[in-house]
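J.: Test case, fold it:
(one chain, ligands or ions: 1)
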Amino acid sequence: MKNLIGDSPAMRRLRNTLPLVAAAQVGVLLRGEPGTGKESLARAIHAASAQRSGPFVTFACTGAPPEAFARTLGQLPSGPAVLYLDEVGELNAEEQARLLFAIAGQDGAVAPAPLRIIAATSQDLDGLVRQGRFRRDLDLRLCVVPLEVPPLRERLLDLPALTAQFIAQAAQRHRLEPVRLKPSAERLLRRYLWPGNLRELANLCERLVILLPGTEIGPENLPSEILRGTPPSEQALGIALPPHGIDLNDLEAELIRQALSLSGGNKSRAARLLGLTRDTLLYRLQKHLIVG
Ligand SMILES: Nc1ncnc2c1ncn2[C@@H]1O[C@H](COP(=O)(O)OP(=O)(O)OP(=O)(O)O)[C@@H](O)[C@H]1O
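T.: Numbers count the residues shown, from 1 in each chain. Next up is the predicted model:
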């Protein structure tokens, strides 16, 4: 698990759990927002599992063309392999039936079974089961061990190490001088909520290395959304509308994200912070496609 950076309590917990999960021949469901590192964790589980001598096959369930899933299942080797299903909640009824059949086909297999399935979702799979959009029997098979992959805003302790790694990787990949961050820039990165999680941070680091190699990065070099991302405690209550106006919809989504962050993801508490009922908050989370 050496490439899973992070010393935050959440990451330490995950790192401790991974070897146990990798050793057990059970379905693992990785739950977390997009870009939080679910696929990287799945690869780490593969590397420590009985299937490590076989391939790690990925399938993106979102918007896959018809028959693509059946083809992927049909092309899996008969020997050990891990099949990583990204956004598993997007599989349609036929694909779900095929997957269940593939899993059930292994039931009599000698341990360890050759095929291991690691599924990932940013959706509430239980909710999809309740709505009848995802089969309960499949959910039970996939999700013997659920692992929560925290959003970056809940593991800001890992930000310096992750930033250093992404800068070094980008510098090496593009054969350019790495950038350095001024403390004032580091402070802004810590105050930002990172809706795109690790992927957004990796992209920013790569962009800075490409555009400003060898430079000391200050606030003036950071994108406007990071400059704007001031913490709630520093926002005046009587905000004056700026002359160029605002996007009320974006502002609402932003405040909801901040309330969720402040409440550690607890929706009832987040609703109270916003003066809303929990139901109204749930409705607005859906409206803004926020995964709370
Ligand atoms: N613990 C980690 N340490 C360092 N880099 C990481 C770590 N986890 C993920 N990354 C990097 O962060 C980026 C996003 O990770 P990944 O693709 O695994 O996220 P994801 O949750 O699977 O995203 P999505 O759901 O959008 O597919 C990648 O560039 C990956 O290399």
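J.: how about the residues of the stretch 51-200 of the chain that lie near the ligand?
T.: Within the stretch 51-200 of the chain, the residues that sit near the ligand (CB under 6 Å from any ligand atom) are 86, 122, 162, 165, 198, 199. (Each C-beta comes from the backbone N, C-alpha and C, glycine too.)
J.: Scan those and report the most crowded one.
T.: If you count neighbours using other CB atoms under 10 Å, the busiest of these is residue 198, which has 23 neighbours.
J.: can I get the CA coordinates of the helix or strand harbouring that residue in PDB?
T.: Using DSSP states H and E, residue 198 maps to helix 197-211. Extracted in PDB, the C-alpha atoms of helix 197-211 (Å, rounded to 0.1, in the frame of the first residue of the first chain):
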ATOM      1  CA  ASN A 197     -11.100  15.800  -4.700                       C
ATOM      2  CA  LEU A 198      -7.700  14.300  -5.400                       C
ATOM      3  CA  ARG A 199      -8.200  14.500  -9.200                       C
ATOM      4  CA  GLU A 200      -8.800  18.300  -9.000                       C
ATOM      5  CA  LEU A 201      -5.600  18.700  -6.800                       C
ATOM      6  CA  ALA A 202      -3.600  16.500  -9.200                       C
ATOM      7  CA  ASN A 203      -4.800  18.600 -12.200                       C
ATOM      8  CA  LEU A 204      -4.000  21.900 -10.500                       C
ATOM      9  CA  CYS A 205      -0.500  20.700  -9.700                       C
ATOM     10  CA  GLU A 206       0.100  19.500 -13.200                       C
ATOM     11  CA  ARG A 207      -1.200  22.800 -14.700                       C
ATOM     12  CA  LEU A 208       1.100  24.800 -12.400                       C
ATOM     13  CA  VAL A 209       4.200  22.700 -13.300                       C
ATOM     14  CA  ILE A 210       3.400  23.000 -17.000                       C
ATOM     15  CA  LEU A 211       2.700  26.800 -17.000                       C
END
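J.: what's whatever helix or strand comes next after that helix in contact with?
T.: Moving toward the C-terminus from helix 197-211, the next helix or strand (DSSP H and E) is strand 216-217. If you take CB atoms under 8 Å, 6 or more residues apart in numbering as the criterion, strand 216-217 is touched by 179, 180, 181, 182, 185, 208.
J.: The third one is in contact with residue 164, isn't it?
T.: No: applying CB atoms under 8 Å, one finds residue 181 not in contact with residue 164, separated by 9.1 Å.
J.: Show me which of those two is the more surrounded one.
T.: residue 181 (21 against 15).
J.: For that one, report the pLDDT, please.
T.: Residue 181 carries a pLDDT score of 96 in this model.
J.: any idea how far it is from the ligand?
T.: According to CB to the nearest ligand atom, to the nearest Å, residue 181 and the ligand sit 17 Å apart.
J.: residues contacting residue 88?
T.: 29, 61, 119, 120, 121, 125, 142 are the contacts of residue 88 under CB under 8 Å, 6+ apart.
J.: Alright, I will stop here.
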